[in-house]
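A.B. asks: Give me a 3D structure for the following:
(2 chains)
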Amino acid sequence: MALDETNNAFVRFDRVQKSYDGESLVVKDLNLDIPKGEFLTMLGPSGSGKTTCLMMLAGFETATHGEILLDGVSINNIPPHKRGIGMVFQNYALFPHMTVAENLSFPLEVRNMGKSEREAKVKRALDMVEMGDFGGRRPAQLSGGQQQRIALARALVFEPELVLMDEPLGALDKQLREKMQFEITRLAHNLGITVVYVTHDQTEALTMSDRVAVFNDGVIQQLARPDMLYERPDNSFVAQFIGENNTLEGTVKSLTDDTAVVELDGGLQLQCEPINVDNVGQRTRVSVRPERAELNLNNLSQDACTLTGTVQEFIYMGDIFRTRISVAGCDDFIIKTPNSPNQKRLSPGQNVKFGLNKKDCRALDP
Amino acid sequence: MLDYSEKYSMEVADGTPLKKSLARSLRKEKLRALALIAPLLIFVLVTFVLPIGTMLTRSIDNSIVEEILPRTVLALEDWNEKGDELPNEMVFRSFVEDFQDAIADKNHTKIGSRLNYEVSGMSSLFRKSARKVKKWDLTDNAPIKQKLIEVNKAWGDVETWAVIKTHSVALTNGYFLNAVDMQRTPFGAQAQPENKQVLVKLFIRTLKMSLIITGMCILLGYPVAWLLANLSNRTSNLLLILVLLPFWTSLLVRTSAWKVMLQNQGVINDLLVWIGLITEGSRLEIINNQFGTIVAMTHILLPFMILPMYSVMKTIPPSYLRAAKSLGATNWTAFWRVYFPQSVPGIGAGSILVFILAIGYYITPEIVGGTDGIFISNRIAYHISSSLNWGLASALGAILLGVVLLLYWVYDKIVGIDNVKLG
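C.D. replies: Below is the predicted model of the structure:
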């Protein structure tokens, strides 16, 4: 294997496939390189294969085909307990019959570490998650958020270079989840560890990750930085799955290298970025983010198109206004506008004109 | 603060105190709940608590002597049973009066068999003497003492009268003393003669064998329960049916099957001889002894161990084992340090169930136990149905019950009863 190939990859999935029943593939030909120190999130709906990938990396599932490399070494045949990978489980999996300190001490004990060293490390790990006073408690005496911290501390206490997290925040309420998101990223960056994080919550993925791998149907649909993922989705699935999205269906009228003119089903023509269209006459879905529809037509660039729609619904959401419009055959085109003093509040039945810049309209696969 | 709560105790809108009002509104629900369990409660009372309660009182109830020989008991009060002098004429006369009344009421055999439990020969003494004493006329005031001794010289024996006196109290500890190989004598509680000491040995054997059976059930049941809890639902359901299958066949059939398997000319011995492991002359003695009882009872009680274990193991999520392994534990360490401690409540529940069932088991030891494989329960059954010494049977039963409760208490102290889970 060439040196430059392994150079950057701390974790590498090399043509990995996985099947449970011998009839269908849960993971189809997965190739993924994760450099050291990266926070990578596997995001996808349930059944998309993301957890299976994580379990293969942890060693609890075996790959049907392909190789998984850790630091350049194939770990396919290394049992989980020898991989030295930290893991945080969905329901924390804190051992209920041990105290918090005993839970944290467990990975050190099985590594035959001396007592004083163990105690020092346990204390440091507990302090790291701000749970220094809770060493003597049982997991059942802790709140969900506290258990989460202990699970995190336990996965980190033996100083693994790679930590896997399987929807660790799924059981927490919204506020706590947001706080923990911040804590986990802070810890990960401070310690310089590599994190592979699995979630089906796209907000979580966007706020925490260096890169996000969007899974669907056993295939990575797009692997990109969060901002790229949101603003430049590669296909309809990613556009739909990440954030809120407006879809306008139509047919490609003309196609050049940097512009696709799409005739929408409602009759209007729209200039779009050609992302996933190859031929004139092809069906396409145009993806537009709700906050990119411009009500102030003076702000539009030259290549923008103007559309007229009818307001169906106006929803006041505090920081933003959410307006549902029917336009070009689409009944639920959403426009989000910030709640600023001079922003118009539209009322149902009213006709509204808005513009879409070419770079915000992405012509994707149908 | 106290003042405040007293002065302003909570009240509902119409001024009645909140507590009273709450109690009233809950009363109806409580009554309904009671009505729902009433049939079962009555059934249990009538068919379980009451019979067992009355049976247990027989272990100390000894009113029979006082009832049948009231005058004798009274007259014997002044007599010293520890000396070697016979009771006086008064006692003999009272006795014969009582005896004649008893014969008229056909009660004389009862008192005979009662005293026969203590000293053998008493039953026949009473029966034989009755034939003659029946016709005596007591109005002539002739001396009775000599006459009675002439009928049977046992009446001239101090011991006979001592037995009557020591066992004349209405509430006796005699049965309990007998149950632990002791006896009630004029000189207090004393050990039974050596050749009559069997019950304590039998108690110890019952406890020991029950422990062995419980241990065997744990060893055999744990892997099965683990398999059941960790296989896919379909396969584990099938296996569970196999575990439950014994419940659908008669206990007698299963025990008799062991007889067929283990006997001298049985399947196991035949097989071993056929393979050549043992010769025709040295067939194994594996039934009608302790070994046979342990094998058959382990088989019969195994489901009672597997089911509680299984239901506890079912609640242990597989993620614990995975977590342990991800933290660097080998398969064995992960099992021993993480899985096993969490399965202990299942072992506890199963052990209590199996042990308590084993300690009172009757049918299986009776059929396959021979002489040295029987349990205390077989002895109890013997006294209930053959020797008709119900007092002793009740005392043995009460001791068995006490031992079980004691062990339960010890278990609670050591393991904690809230550590027992049935699922």
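A.B. asks: how far away is residue B:351 from residue B:315?
C.D. replies: With distances taken as Cβ to Cβ, to the nearest Å, residue B:351 is found 18 Å from residue B:315. No exception for glycine: its C-beta is placed from N, CA and C like everyone else's.
A.B. asks: And those two? Which one has more around it.
C.D. replies: When residue B:351 and residue B:315 are compared on other Cβ atoms under 10 Å in any protein chain shown, the one with more neighbours turns out to be residue B:351, at 23 against 13.
A.B. asks: What sits closest to that one if chain neighbours are left out?
C.D. replies: Take residue B:351 and drop its neighbours on the chain: the residue closest to it by Cβ to Cβ, 6 or more residues apart in numbering or on different chains is residue B:214, 5.2 Å away.
A.B. asks: Which pLDDT value belongs to that neighbour?
C.D. replies: Per-residue confidence for residue B:214 comes out at a pLDDT of 96.
A.B. asks: so it touches residue B:356, yeah?
C.D. replies: No. With the criterion set as Cβ atoms under 8 Å, residue B:214 and residue B:356 do not qualify as a contacting pair; they are 9.6 Å apart.
A.B. asks: Could you check which of those two is surrounded by more residues?
C.D. replies: residue B:214 (25 against 16).
A.B. asks: dump the residue contacts of that one.
C.D. replies: Residue B:214 makes contact with B:305, B:351, B:354-355, B:358, according to Cβ atoms under 8 Å, 6 or more residues apart in numbering or on different chains.
A.B. asks: Give me the phi and psi for it.
C.D. replies: Dihedral pair for residue B:214: phi -60, psi -40, per degrees, to the nearest 10.
A.B. asks: Repeat that for residue A:162.
C.D. replies: Here the main-chain torsion angles of residue A:162 (degrees, to the nearest 10) amount to phi -120, psi 130.
A.B. asks: How about residue A:86?
C.D. replies: With angles defined as degrees, to the nearest 10, residue A:86 shows backbone torsions of phi -80, psi 150.
A.B. asks: Repeat that for residue B:88.
C.D. replies: When read as degrees, to the nearest 10, the backbone of residue B:88 gives phi -80, psi 180.
A.B. asks: Now do the SS call for the closest residue to it other than its chain neighbours.
C.D. replies: If you skip the residues right next to it in sequence, residue B:88 has residue B:79 as its closest partner in space, 7.4 Å away by Cβ to Cβ, 6+ apart. Residue B:79 carries the three-state label coil when classified by DSSP: H, G, I helix; E, B strand; the rest coil.
A.B. asks: Close to chain B: what parts of chain A are there?
C.D. replies: When proximity is defined by Cβ under 8 Å from any Cβ of the partner chain, chain A lies next to chain B at A:58-60, A:79-87, A:89-91, A:93-97, A:106-107, A:110-111, A:154-155, A:158, A:164.
A.B. asks: Give me the buried subset of those residues.
C.D. replies: Using 16 or more other Cβ atoms under 10 Å in any protein chain shown as the burial test, these include A:58-60, A:80-81, A:83-87, A:89-91, A:93-95, A:106-107, A:110, A:154-155, A:158, A:164 as buried.
A.B. asks: Out of those, which sit inside helices?
C.D. replies: With helices identified by DSSP state H, the entries of those that belong to them are A:58, A:106-107, A:154-155.
A.B. asks: Mind checking which of the residues of chain A next to chain B are in strands?
C.D. replies: Secondary structure of the residues of chain A next to chain B is defined by DSSP state E; positions in strands are A:85-87, A:164.
A.B. asks: The residue nearest to residue A:71 when sequence neighbours are not counted in helix, strand or coil?
C.D. replies: On the basis of Cβ to Cβ, 6+ apart, the spatially nearest residue to residue A:71 that is not a chain neighbour turns out to be residue A:10, at 6.0 Å. Three states are possible here, and by three-state DSSP the one that applies to residue A:10 is strand.
A.B. asks: tell me which element the residue in the stretch 51-200 of chain B positioned nearest to chain A falls in.
C.D. replies: Using Cβ to the nearest Cβ, the single residue of the stretch 51-200 of chain B nearest to chain A is residue B:52, 38.7 Å away. With elements delineated by DSSP states H and E, residue B:52 resides in helix B:50-57, which encompasses its position.
A.B. asks: just checking, what packs against that helix?
C.D. replies: helix B:390-414 (3 or more Cβ pairs under 8 Å, 6 or more residues apart in numbering or on different chains; DSSP states H and E).
A.B. asks: What is the helix it packs on packed up against?
C.D. replies: Here helix B:390-414 is seen to pack against helix B:50-57, helix B:174-179, helix B:199-230, helix B:340-359, helix B:376-385 when contacts are counted using 3+ Cβ pairs under 8 Å, 6+ apart.
A.B. asks: right, so those helices: which one is the most enclosed?
C.D. replies: Highest mean neighbour count among the helices and strands packed on helix B:390-414 (mean count of other Cβ atoms under 10 Å in any protein chain shown): helix B:174-179, with a mean of 23.
A.B. asks: Pull it out as PDB, backbone CA atoms only.
C.D. replies: Once non-C-alpha atoms are left out, helix B:174-179 reads as follows in PDB (Å, rounded to 0.1, in the frame of the first residue of the first chain):
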ATOM      1  CA  GLY B 174     -42.800 -34.100  74.000                       C
ATOM      2  CA  TYR B 175     -43.500 -34.200  70.200                       C
ATOM      3  CA  PHE B 176     -40.800 -31.600  69.500                       C
ATOM      4  CA  LEU B 177     -38.400 -33.400  71.700                       C
ATOM      5  CA  ASN B 178     -39.100 -36.600  69.900                       C
ATOM      6  CA  ALA B 179     -38.600 -34.800  66.600                       C
END
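A.B. asks: Can you give the strand pairings for the helix or strand just after that helix, parallel or anti for each?
C.D. replies: Toward the C-terminus, helix B:174-179 is succeeded by strand B:182-185 as the next helix or strand (DSSP H and E). Each strand that pairs with strand B:182-185, with its direction, by DSSP bridges: strand B:188-191 (antiparallel).
A.B. asks: tell me which parts of chain B are close to chain A?
C.D. replies: Contact residues, chain B versus chain A (Cβ under 8 Å from any Cβ): B:317, B:319-320, B:322-331, B:333-334, B:337-338, B:341-342.
A.B. asks: Among these, name the buried ones.
C.D. replies: B:319-320, B:322-329, B:333-334, B:337-338, B:342.
A.B. asks: quick one: which of the residues you listed is nearest residue A:124?
C.D. replies: Nearest to residue A:124 among those: residue B:327, at 16.8 Å, using Cβ to Cβ.
A.B. asks: From what I see, the closest one and residue A:106 are in contact.
C.D. replies: Yes. Contact status for residue B:327 versus residue A:106: in contact at 5.8 Å, counting by Cβ under 8 Å.
A.B. asks: Pull up the overlap in contacts between the two.
C.D. replies: residue A:154.
A.B. asks: separation between the nearest residue to residue B:313 once chain neighbours are set aside and residue B:342?
C.D. replies: Beyond its immediate neighbours in the sequence, the residue positioned closest to residue B:313 (Cβ to Cβ, 6+ apart) is residue B:229, lying 3.7 Å away. Shown here: residue B:229 relative to residue B:342, a distance of 11 Å by Cβ to Cβ.
A.B. asks: Identify the contacts common to the two.
C.D. replies: The contact sets of residue B:229 and residue B:342 overlap at residue B:316 (Cβ under 8 Å, 6+ apart).
A.B. asks: what about the longest strand in chain A?
C.D. replies: Longest strand in chain A by number of residues (criterion: DSSP E): strand A:305-316.
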